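Q: Make a model of this:
(2 chains)
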Amino acid sequence: MRLAPSLFRRFPSAAPRPGWRRASNRRRAVGAVAAGCVLALAAQLGLGLAIRAEVSPLRDPVYFDKFALLRTHPAFFPGPAPAADRPTTLLLVGSSRTLNAVNARRAGDDLTRRLGRPVEVFNFGQAGAGPVTNAVYLRRATQAGVKPDFVLVEVHPVFLAGQRPDPPETRWLLPFRLRPDELPVVRGMGFPAADPSAHGPRGLLAPITEYRFLILDRYFPFLLMDNKRLNGGHEPDAHGFARLQDVSTPPQRAGLMRIAQGQYADYFAGFRPTGCGVDALRDTLRQCRALGARAALVLMPERGGWEAWYDAEGLRQLDAVVAGLAAEFGVPAFDGRKWVTEDETMDGHHLTGPGADRFTDVLARDALAPWIGGPR
Amino acid sequence: MPLSLFASADAPPKTDWPYFQKLAELLPEPFFHTSNFLLFFLAVLAVYWTIPRRWQMARIWVLVVASFHFYAAWSAELAFLVTATTLADYLFGRLMDATDRQKVRRAVMVTSIGMNLSILCYFKYRGFFLNELHDLLVAAGRDPGYARLDMKAIALFVPFGISFYTFEAISYAVDVYRRKIKAETSLPRFLLFILFLPHLVSGPIVRAGDFLTQTRRPKRWNWVRVQVGVQLLLMGAFKKMAIADRMAVFCDPIFHEPDRYNTGAVWMAVLAYSIRIYCDFSGYSDMAVGLAHLLGYKLTNNFNMPYLSKNVGEFWRRWHISLSSWLRDYLFIPLGGSRGSNLATCRNLMITMTLGGLWHGAAWSFVLWGVAHGLLLVTHRQFAAFAKTRPALDAALQTTVGTGFRILLTFFSVSLCWVLFQPDLFPNPQKPDLILNGFERALAMYKQMFGLHMGLPLPLHNRSLWYTAGFVLICHLLVTRGAWQWVYDRLPAPVLGAGYAACLCAAMLLAPDSGSSFIYFQF
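A: Residues are numbered from 1 along each chain as shown, chains lettered A, B, ... in the order given. Alright, predicted model coming up:
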């Protein structure tokens, strides 16, 4: 029995090269080494430049992918002379809580019906996006021509934690995801962002190393070792909403709750909403005001013992912080923490599909419709 | 098994000299696949080839100074130690050559070997022997109370490559004594023989006869040689970064805490470890040989598709060739080799392999690894003799199926032995359940492998493991059957260059975040 004889047959060994071939060997060696150097350098430089010029989305794929989705909704890009029949636009910014909780198409339809005029809603929630990320993303989006009429800004309590020197968002908002001109902005909010090596010469000469996980994630996901995609399996629909599974069993939920608690455990103990997240929220609200967009704050659902994980004094301070921001900018604040049951969540803060539908309905009916339909 | 009281330190002591502190910042790791090393090497290469050919000695000095700095960046004190012992070995060689009196020559050789082995024992085996002494005293009811000391504070760091350059120095002393070679008269040439940076920290173990002759030949810039060097460098980097380091992510957690994982996961970790250790060390060797080529030197090839060996004897002719040939020439043959009775040959094999195991690491796990390989060699020897008297069995073993079976059996046996190939660890406060003793960890691995145990699955997705295993197997087959060379000879230069660029990019792309050091650096 022979295994694939045609492929693995013994190949004749190379004959010794006669003297007259030495020169050609030399030429071949020079050519191969030179071509290798030029091609390797060209590949690195080309990729580096493409990333810097944002021709390639590798600098921050989660943002650029979501933004590409938003581009398919021209109502959010009114330009200098918006059409008279342009629908009212509502942009939701927040973390995966928002991403998985607000079915934007459903909310848009509901609001359109309730208000009697077209309303278009887009869910710009991103996995791992805290207030600093949201402030950066809103800045990028507005620079690219996005001008929503209304902006609903999520307040994720854990992301406001300031009792530790490392804000929780540092786990996700890695500095190489930021543009160089965004570094001083986030530092100004108090977010610790060191100069990433990708912004220096390494970003041009060795971008394949600098961005290797993002390249694998995007183009060769089968080579990812832990099979964990960057978006965490959150594939959004055309309106930016990522629907999770319909049912979560109690054992499944208990396991996921343990993971969620472990993920933020360092920030629950002695929780104080005094971190850079508060400044970032303030920055976001300031941007909305400058843009002429009406903003509102929202606390997304937290069930199944989340309240007990926080330091009680910290929670009291959180209410004061949210109320203070609302008063400072004259914006409403919606507290949706108890709008769903524990059974409607996967892990106490990410909603199941039906949970998201119900939350969306409550949000549209009790909060968004009165707000959007009400006086300025 | 007791706690490893005198385990080796994790890192070398920090130097007090500002010059070397600055050097350490520039070259923080003595690893060939880091960008800092490549920049350093490019600078050395530029200076080296700028010096005119007729100034060969100046070029040698450049390499000596560069090699010293390469080592000193990691530990200045130990770099001076290596240089001092090299100087002593040089003087011992000159002394041996200066006299014809056999007794004096013998005494000098013994002194040279004794000095090298003493330093090796002090740094590498001191902890091992003190541990055993401690345990004996405790067993005898006389606890010396070492457990109350801060063992981390008194732990020594094993100098990188100490086992390699010790063997090079010993082989030099023996060869000069046997008059196989003349003692080197030029100090810089001798310094280069030991300190030559491509082989300094992890071999290949070079022989003085091979290397010193090369130092006498004036080097010309040779593009074909440069091409070979670049090719080996890229291949080595790919093996290390894209295969070995990825496999480490699979197997390290399981090798550290085997009792937490299920049987299937532990078997897969063993497969991953077999691939890892091969690609790690052969990748390093390829890079070392490639770097040497760029400087105009040729080092011994250390690996030759060892996992396609048909028996353990062949495996040792293809695995770490420079060590196995050293053990053969300077231990096995002086012990009597295979010239005596069958029993004597088996004894010599066992002694050679046991000491070979101890050479790899100061722990019982390494000794037992050597013993296991000795037993495999003895078993194979007996079986080969038995098969020779049974023509039908012999013929069946030579068929394609028989050959495939022998290859699989050899790989399986070697992989089982790799489980023993584990160092002792220091206690880790973050992981109190960690099994510190290498041998105990190996036993826990075997327990999980040969009993049906439930537990955690493989920590990462196993698809990547299968792709890598398949890739390594296909490369082995292509190279062994000559297809690789056949294609290589016919590729036009630009395509070959594109292949080099692709290899570099793939190595950079597939390197996991936790790039580890080379396994063989600890030996």
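
Q: How about the stretch 51-200 of chain B: which residue is closest to chain A?
A: With Cβ to the nearest Cβ as the measure, B:R53 is the residue of the stretch 51-200 of chain B nearest to chain A, at 17.5 Å. The C-beta positions use only the backbone N, C-alpha and C, and glycine is treated the same way.

Q: That residue reaches B:K219, doesn't it?
A: Yes - in this structure, B:R53 sits in contact with B:K219. The criterion is Cβ atoms under 8 Å, and the distance is 6.9 Å.

Q: out of those two, which sits in the more crowded spot?
A: Looking at B:R53 and B:K219 with other Cβ atoms under 10 Å in any protein chain shown, you find the greater number of neighbours at B:K219, namely 18 against 11.

Q: State the pLDDT value of the closest residue in space to the more buried one that isn't next to it in sequence.
A: The spatial neighbour of B:K219 that comes closest, neighbours along the chain excluded (Cβ to Cβ, 6 or more residues apart in numbering or on different chains), is B:G296 at 3.4 Å. The predicted structure scores B:G296 at 95 on the pLDDT scale.

Q: ok now do B:G296, which residues does it touch?
A: Counting by Cβ atoms under 8 Å, 6 or more residues apart in numbering or on different chains, B:G296 touches B:214, B:219-220, B:222, B:225.

Q: Find me the pLDDT at residue 133, would you?
A: This is for chain A. Spelled out, the predicted local distance difference test score at A:T133 is 96.

Q: could you do chain B instead?
A: On the pLDDT scale, B:L133 is placed at 84.

Q: Which strand or helix spans it?
A: Using DSSP states H and E, B:L133 maps to helix B:126-139.

Q: For that helix, which residues meet the burial criterion?
A: B:126-128, B:131, B:134 (16 or more other Cβ atoms under 10 Å in any protein chain shown).

Q: Take these and lay them out in a markdown table including distance to B:G402.
A: Formatted as a markdown table, the entries for the buried residues of helix B:126-139 read as follows, by distance: Cβ to Cβ, whole Å:
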| residue | distance to B:G402 |
| --- | --- |
| B:R126 | 48 |
| B:G127 | 46 |
| B:F128 | 42 |
| B:N131 | 45 |
| B:H134 | 50 |
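
Q: where's A:C288 relative to A:A326, distance?
A: When Cβ to Cβ, to the nearest Å is the yardstick, A:C288 and A:A326 sit 13 Å from each other.

Q: Tell me which helix or strand the residue nearest to B:C503 when sequence neighbours are not counted sits in.
A: Counting by Cβ to Cβ, 6+ apart, the nearest residue to B:C503 once its immediate chain neighbours are dropped is B:L234, at 4.5 Å. Assigning secondary structure by DSSP H and E places B:L234 in helix B:223-237.

Q: for that helix, what is the average pLDDT?
A: Mean pLDDT, taken over the full extent of helix B:223-237, equals 94.

Q: Of all residues in chain A, which one is nearest the centre?
A: The central residue of chain A, meaning the one whose C-alpha is nearest the mean C-alpha position (Cα atoms, centre = their mean), is A:Q126 at 3.1 Å.

Q: can you tell me the residue of chain B closest to chain A?
A: When Cβ to the nearest Cβ is the measure, chain B has its nearest residue to chain A at B:G497, with 2.5 Å between them.

Q: That residue contacts A:A35, correct?
A: Yes - between B:G497 and A:A35 there is a contact under Cβ under 8 Å: 2.5 Å.

Q: which one of these two has more residues nearby?
A: B:G497 (25 against 20).

Q: per-residue pLDDT, the more buried one?
A: Confidence per residue is given as pLDDT, and for B:G497 that number is 95.

Q: what residues are up against it?
A: A:31-39.

Q: what's the longest helix along chain B packed up against?
A: The helix spanning the most residues in chain B, taking DSSP state H as the definition, is helix B:263-294. Using 3 or more Cβ pairs under 8 Å, 6 or more residues apart in numbering or on different chains; DSSP states H and E as the contact definition, the elements that helix B:263-294 packs against are helix B:35-50, helix B:197-200, helix B:223-237, helix B:245-256, helix B:400-418, helix B:438-450, helix B:463-480.

Q: Can you identify the element that follows that helix toward the C-terminus?
A: Downstream of helix B:263-294, the next assigned helix or strand under DSSP H and E is helix B:312-318.

Q: Flag every buried residue along that next one.
A: Buried residues in helix B:312-318 (16+ other Cβ under 10 Å): B:312, B:314-316, B:318.

Q: which secondary structure elements does that helix contact?
A: helix B:364-388, helix B:400-418.

Q: With just CA atoms, put it into PDB.
A: Below are the C-alpha coordinates for helix B:312-318, written out as PDB (Å, rounded to 0.1, in the frame of the first residue of the first chain):
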ATOM      1  CA  VAL B 312      14.800   5.000  18.200                       C
ATOM      2  CA  GLY B 313      18.400   4.500  17.100                       C
ATOM      3  CA  GLU B 314      17.600   6.400  13.800                       C
ATOM      4  CA  PHE B 315      15.700   9.000  15.800                       C
ATOM      5  CA  TRP B 316      18.900   9.800  17.700                       C
ATOM      6  CA  ARG B 317      20.900  10.000  14.500                       C
ATOM      7  CA  ARG B 318      18.400  12.600  13.300                       C
END
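
Q: quick one: contacts of that helix?
A: The contact list for helix B:312-318 (Cβ under 8 Å, 6+ apart) reads B:303-306, B:308-309, B:324, B:373, B:376-377, B:380-381, B:410, B:413-414.

Q: mean confidence for it?
A: For helix B:312-318, the mean per-residue pLDDT is 95.

Q: roughly how far is that helix from the heart of the chain?
A: For helix B:312-318, the separation from the chain centroid amounts to 16 Å (computed by Cα atoms, centre = their mean, to the nearest Å).

Q: after that helix comes which helix or strand?
A: Next helix or strand after helix B:312-318 toward the C-terminus (DSSP H and E): helix B:321-327.

Q: Remind me what that following helix packs against, helices and strands.
A: The criterion is 3+ Cβ pairs under 8 Å, 6+ apart, and the helices and strands that helix B:321-327 contacts are helix B:162-177, helix B:342-360.

Q: Most tightly packed of those helices?
A: A comparison of those by mean neighbour count, using mean count of other Cβ atoms under 10 Å in any protein chain shown, puts helix B:162-177 on top with a mean of 24.

Q: With mean neighbour count and distance to A:P354 as extra columns, can I get the helices and strands packed on helix B:263-294 in a markdown table?
A: Formatted as a markdown table, the entries for the helices and strands packed on helix B:263-294 read as follows, by neighbours: other Cβ atoms under 10 Å in any protein chain shown; distance: least, Cβ to Cβ, whole Å:
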| stretch | mean neighbour count | distance to A:P354 |
| --- | --- | --- |
| helix B:35-50 | 15 | 52 |
| helix B:197-200 | 26 | 64 |
| helix B:223-237 | 21 | 52 |
| helix B:245-256 | 23 | 38 |
| helix B:400-418 | 16 | 50 |
| helix B:438-450 | 19 | 43 |
| helix B:463-480 | 16 | 33 |
